[in-house]
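# Sharing a model prediction with you, sequence too.
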There are 2 protein chains.
Amino acid sequence: MKIIHTIQELREWRKTAGTVAFVPTMGNLHAGHMALVREARERAQSVVVSIFVNRLQFGQGEDFDRYPRTLSHDASLIEHECPHAVVFAPDEKELYPHVIQQYKVEPPALQDELCGAFRPGHFRGVATVVSKLFNIVQPTVACFGKKDYQQLFILQQMVEELNMPIEVVPVDTGRAGDGLALSSRNSYLSETERAEAPRLYHHLTRMRDAIASGERDFARLAEETIEDLVRHGWVVDYVETRNARTLKPAVHTDHALVILLAARIGSTRLIDNIEIQC
Amino acid sequence: MKIIHTIQELREWRKTAGTVAFVPTMGNLHAGHMALVREARERAQSVVVSIFVNRLQFGQGEDFDRYPRTLSHDASLIEHECPHAVVFAPDEKELYPHVIQQYKVEPPALQDELCGAFRPGHFRGVATVVSKLFNIVQPTVACFGKKDYQQLFILQQMVEELNMPIEVVPVDTGRAGDGLALSSRNSYLSETERAEAPRLYHHLTRMRDAIASGERDFARLAEETIEDLVRHGWVVDYVETRNARTLKPAVHTDHALVILLAARIGSTRLIDNIEIQC
């Protein structure tokens, strides 16, 4: 495995890399990321995993500074899963040489809904850095986890609408044995919070089962979830049922749905979602 | 010469095209464009000239509908200059299949200055369609005329800031014998207007010569130009002296300047500029 820190060196390497499958990450890797790496491994001749904590997608007061930087541990995980992978770990000056990024990729109004309503500018920052990384890595294929469902959706639309010559591959959410979605932010949880955290997935499956059995009062199902989470100490950002193909609010006649939620326990914000065919 | 109308066919052709020099145009080609094509011819193994009147960069009440569509004439000009060129002439449904383009490339505040102050959204539309075309054509090199100086500047910055793997090549403005900058919009001019039009370049050279001789009262020079143009029936959008490297308003100590202007005669809006080393 090779670690590359500069754009210039990455571009040099790229010339002879053939087809490339790309996994953009912010590091602090876990088994969920490894599923992305395994998917990438099967999709192209070369694999690039980028590790870059992107200031542009963090809001004021968010966890940019405390976000864990664990490069050597990340590299050993990647090495184990995919010995021929290239790790692209640029520092901030490589990607933001003028500190301020002036040119942005601007997603539509969906960027201000769901997580975007609580993280102003987040998806603009994601779309912009992913565009930059795409232009540097020039991948054939890019793998993104379904855990960040809204992000995946926005990036798929961006690739299509801006005609980027890249296939976006969604990868299923990895989960702990108790159902908690794997996330770098799980490392922030205290022992008590960690024990409480699976309640999110519990409610997602409860709502899914109810909908699969014919329930269509999405608002009531969400209300029940919110009440129970609040009762157990959560601050809930949103619980919403949406059309899985459009991410518009679900209507009774939709057959492909996704329930998305975000909630905070202590100082940690967790998100999760579940798809439903009905 | 080959004319390609679909993205799919262009992508297929691209696979074996080697290095590509790209000239994006809105058609209605003239000798100014041919200088771009000649430059492109020297820069890469293959040449793509796109012809697409991009609705996204026209404002309400602008000349989108009356903009001349002259594909067969354009093709014969290109054929003459570069027989191995590919002409990429997609229709609107190819580039805007959902009619509304939701994902945009957003330039910084400079997009609302100079021409941008009079054409809201214009440079967002340019940056977005050029990004789309870049992702389709995947050029090694892209040639743009200096006549559209602010456009050239914004696209150069966009390529750098979004890390697009493309070299932007500026090409000098072509001029008629009397100095008028070659432009598709010159075809809108009546005979009287055409005789009046070189006054723009006359004032640019007058201001350049004054500055080269030590004059630094940029505002007074501009005022003189505006007064004379108004006296001759022009409506002046702006006459400004800017730093040629940053496009910020010029200061006395700058050594690389550019004077930019835009003015309307009858229903036709013309722009021009001149660079100064001093």
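It's in. Numbering: from 1, shown residues only, chains lettered A, B, ... in the order given.
# Got the domain ranges for chain A?
What automatic domain parsing lists as the domains of chain A is A:2-171, A:184-272.
# quick one: the closest residue to A:Ala256 other than its chain neighbours from A:Glu191, how far?
Computed as CB to CB, 6 or more residues apart in numbering or on different chains, the closest residue to A:Ala256 that is not its neighbour in sequence is A:Ala244, at 4.1 Å. Where you see a C-beta, it was placed from the backbone N, CA and C, and this is true even at glycine. For A:Ala244, the distance to A:Glu191 (CB to CB, to the nearest Å) stands at 35 Å.
# who has more neighbours, the two?
When A:Ala244 and A:Glu191 are compared for neighbours, A:Ala244 comes out ahead with 20 against 7, by other CB atoms under 10 Å in any protein chain shown.
# coming back round to it: what are the phi and psi angles of the residue nearest to A:Ala256?
Dihedral pair for A:Ala244: phi -70, psi -20, per degrees, to the nearest 10.
# Quick check: pLDDT value at it.
pLDDT, A:Ala244: 98.
# and what of the one 5 residues further on?
In the prediction, the pLDDT value recorded for A:Pro249 is 98.
# Touching, it and A:Asn243? I think so.
Yes: between A:Pro249 and A:Asn243 a contact is recorded at 7.5 Å, counting by CB atoms under 8 Å.
# Which of those two has more residues huddled nearby?
Set A:Pro249 next to A:Asn243 and count neighbours by other CB under 10 Å: A:Asn243 wins out with 16 against 13.
# Now the phi/psi pair for the more buried one, please.
According to degrees, to the nearest 10, A:Asn243 has phi -70, psi 130.
# For it, give me its contacts.
A:Pro249, A:Ala250, A:Val251, A:Asp254, A:Ala256, A:Leu257, A:Val258 (CB atoms under 8 Å, 6 or more residues apart in numbering or on different chains).
# Tell me how far it lies from A:Ile276.
For A:Asn243, the distance to A:Ile276 equals 11 Å [CB to CB].
# joint contacts of these two?
A:Ala256, A:Leu257, A:Val258.
# Filter those down to the buried ones.
A:Leu257, A:Val258 (16 or more other CB atoms under 10 Å in any protein chain shown).
# Mind checking which of the shared contacts of A:Asn243 and A:Ile276 are in helices?
Assigned to helices by DSSP state H, none of the shared contacts of A:Asn243 and A:Ile276 qualify.
# Which parts of the stretch 1-150 of chain A are helices?
Applying DSSP state H, counting those that start in this stretch to the stretch 1-150 of chain A gives helices spanning A:7-14, A:31-41, A:71-81, A:92-95, A:115-118, A:122-137, A:149-161.
# List the buried residues for stretch A:181-198?
A:Ala181, A:Leu182, A:Ser183, A:Ser184, A:Asn186, A:Tyr188, A:Leu189, A:Glu193, A:Arg194, A:Glu196, A:Ala197, A:Pro198.
# Now do the contacts for the residue minimising distance to the centre of chain A.
The residue lying closest to the centre of chain A (CA atoms, centre = their mean) is A:Asp148, at 3.4 Å. For A:Asp148, the contacting residues are A:Ile271, by CB under 8 Å, 6+ apart.
# Now the contacts of A:Asn243 in JSON lines, please, with extra columns for distance to B:Gly174.
JSON lines is the format used below for these (distance: CB to CB, whole Å):
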{"residue": "A:Pro249", "distance to B:Gly174": "54"}
{"residue": "A:Ala250", "distance to B:Gly174": "57"}
{"residue": "A:Val251", "distance to B:Gly174": "57"}
{"residue": "A:Asp254", "distance to B:Gly174": "56"}
{"residue": "A:Ala256", "distance to B:Gly174": "55"}
{"residue": "A:Leu257", "distance to B:Gly174": "58"}
{"residue": "A:Val258", "distance to B:Gly174": "55"}
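# which one is A:Leu95 nearest to, not counting chain neighbours?
Per CB to CB, 6+ apart, closest to A:Leu95 is A:Lys132, 6.2 Å.
# and what of A:Phe118?
A:Asp237 is the one closest to A:Phe118 (CB to CB, 6+ apart), at 4.8 Å.
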